[in-house]
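Novice: Kindly return the folded structure for what I paste below:
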Amino acid sequence: MSANLYIVPHDFTSVGDAALEYAIFLAKPRNTSITLLHIISSQKEEKSAYEKLNKVIAELQLGSDDIHIEAKVVEGSIFEDIAKIAADATARLIIMGTHGAKGMQKLFGSYAMKVVSNSSVPFLVVQDGVEHKSLKNIVVPITTSKESLQIIHLAGEIALTFDSKIHVIAEHQTDQRLAQQLKVRISLVKNQFEERGIDSDIHILKDKKAFHSVVIEFAQKNNCDMIAVSHHSDSLFAQFEKYTQSLITNEENFPCLIVNAKLLSKLYY
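Specialist: Residues are numbered from 1 along each chain as shown. As a prediction, this is how the structure comes out:
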């Protein structure tokens, strides 16, 4: 069983603040504790890092009845140790800010994507400027792949907590075999949400654009507050996978909930 804990990496920038603010928003309904994490490259940075983290926490002015937030400083690599620390702590979620895919990152993959690709713990990636006033609508894209359904359970948990509606979207399939596979996936999703009493609907879209563009446009048109997706690239270099990277660094600032289907410690389908 996962601990009632979120891990929030913080790099002392505004996106770190955005991630922490969103983590607090998610944590309050379930009184989830937060570990505010900073990775250092040398032990000589430890004291200064703790001082900075504790200052960030102090400036939140939390009351005695608020959620618990503690600082943690670890020497290591953000690409390897964030995921390891979260897994060792059996955290429910890693909530991380990203500056988006800019400059050379568009060619080599966003830093967030590299971290996500190494994690068995689900991620929520947020960008600077994200709003967190409500969480009424969540869009969940699925494909003919069974791995795409691994996001369903986690998205459902959040929907139950915030009384959200889930919009499941999929691409129309002209191939008969793929259409039948998609029909099976949709049936599984419907049953999962109906059994848990989650408000949901299904949309089969015929847009001929790249699917990540379809997802983002749907989220815009339907006033969605979050995108939830399963990452299941077969690529040797998973951080190059354009679909997932485009979603987590979307220019509309939608928070993106993501699970790595191949590394997820508990499978649901």
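Novice: Quick one: the strands in the stretch 51-200 of the chain, in order.
Specialist: Here the stretch 51-200 of the chain has its strands, by DSSP state E, counting those that start in this stretch, at 69-75, 93-98, 123-127, 137-141, 165-171, 200-205.
Novice: So which of the ones you listed is nearest Ile85?
Specialist: For these, the distance to Ile85 is smallest for strand 69-75, at 6.2 Å, taking C-beta to C-beta. From N, CA and C alone the C-beta is placed, and that goes for glycine too.
Novice: Show me what the closest one is packed up against.
Specialist: strand 33-40, helix 46-58, helix 78-88 (3 or more C-beta pairs under 8 Å, 6 or more residues apart in numbering; DSSP states H and E).
Novice: Kindly format the C-alpha coordinates of the shortest one as PDB.
Specialist: C-alpha atoms of strand 33-40 as PDB (Å, rounded to 0.1, in the frame of the first residue of the first chain):
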ATOM      1  CA  SER A  33       1.900  14.800   3.800                       C
ATOM      2  CA  ILE A  34       4.500  16.400   1.400                       C
ATOM      3  CA  THR A  35       8.200  16.000   1.200                       C
ATOM      4  CA  LEU A  36       9.800  19.000  -0.400                       C
ATOM      5  CA  LEU A  37      12.900  17.600  -2.000                       C
ATOM      6  CA  HIS A  38      16.100  19.200  -3.400                       C
ATOM      7  CA  ILE A  39      18.900  17.200  -5.100                       C
ATOM      8  CA  ILE A  40      22.400  18.500  -4.600                       C
END
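Novice: Could I get the average pLDDT for that strand?
Specialist: Across strand 33-40, the average pLDDT comes to 96.
Novice: Counting by contacts, list what that strand packs against.
Specialist: Packing contacts for strand 33-40, counted by 3+ C-beta pairs under 8 Å, 6+ apart, involve strand 5-9, helix 14-27, helix 46-58, strand 69-75, helix 78-88.
Novice: Can you give me the buried ones in the third one?
Specialist: When neighbours are counted by 16 or more other C-beta atoms under 10 Å, the buried residues of helix 46-58 are found to be Ala49, Lys52, Leu53, Val56, Ile57.
Novice: What sits closest to the third one if chain neighbours are left out?
Specialist: It stands for Leu53. Spatial nearest neighbour of Leu53, excluding adjacent residues (C-beta to C-beta, 6 or more residues apart in numbering): Ala71 at 3.7 Å.
Novice: just the last one next, same as before
Specialist: Closest residue in space to Ile57, ignoring its immediate chain neighbours: Ile69 at 5.3 Å, by C-beta to C-beta, 6+ apart.
Novice: now the second one
Specialist: Using C-beta to C-beta, 6+ apart and skipping the chain neighbours, the partner closest in space to Lys52 is Phe12 (5.6 Å).
Novice: where's that neighbour, which helix or strand?
Specialist: In the assignment (DSSP states H and E), Phe12 maps to no helix and no strand.
Novice: Tell me, how many residues neighbour it?
Specialist: Look at Phe12: counted by other C-beta atoms under 10 Å, it has 12 neighbours.
Novice: How about Thr98?
Specialist: 23.
Novice: Apart from its neighbours in sequence, what residue is nearest it?
Specialist: Counting by C-beta to C-beta, 6+ apart, the residue nearest Thr98 is Ala112, at 4.0 Å.
Novice: I'd like to know how far the one you found sits from Val229.
Specialist: 13 Å (C-beta to C-beta, to the nearest Å).
Novice: Between the two, which has more neighbouring residues?
Specialist: Neighbours per residue (other C-beta under 10 Å) separate Ala112 from Val229, with Ala112 holding more: 29 against 25.
Novice: got a list of what that one touches?
Specialist: Contacts were defined as C-beta atoms under 8 Å, 6 or more residues apart in numbering; by that measure Ala112 touches Met96, Thr98, Phe123, Val125, Ile248, Thr249.
Novice: for Gly2, what are its contacts?
Specialist: No, residue 2 isn't Gly; it's Ser. Thr90, Ala91, Arg92.
Novice: My read is that the second one contacts Val121, right?
Specialist: Yes. Judged on C-beta atoms under 8 Å, Ala91 makes contact with Val121 at a distance of 5.5 Å.
Novice: anything in contact with each of these two?
Specialist: Joint contacts of Ala91 and Val121 (C-beta under 8 Å, 6+ apart) are Ile7.
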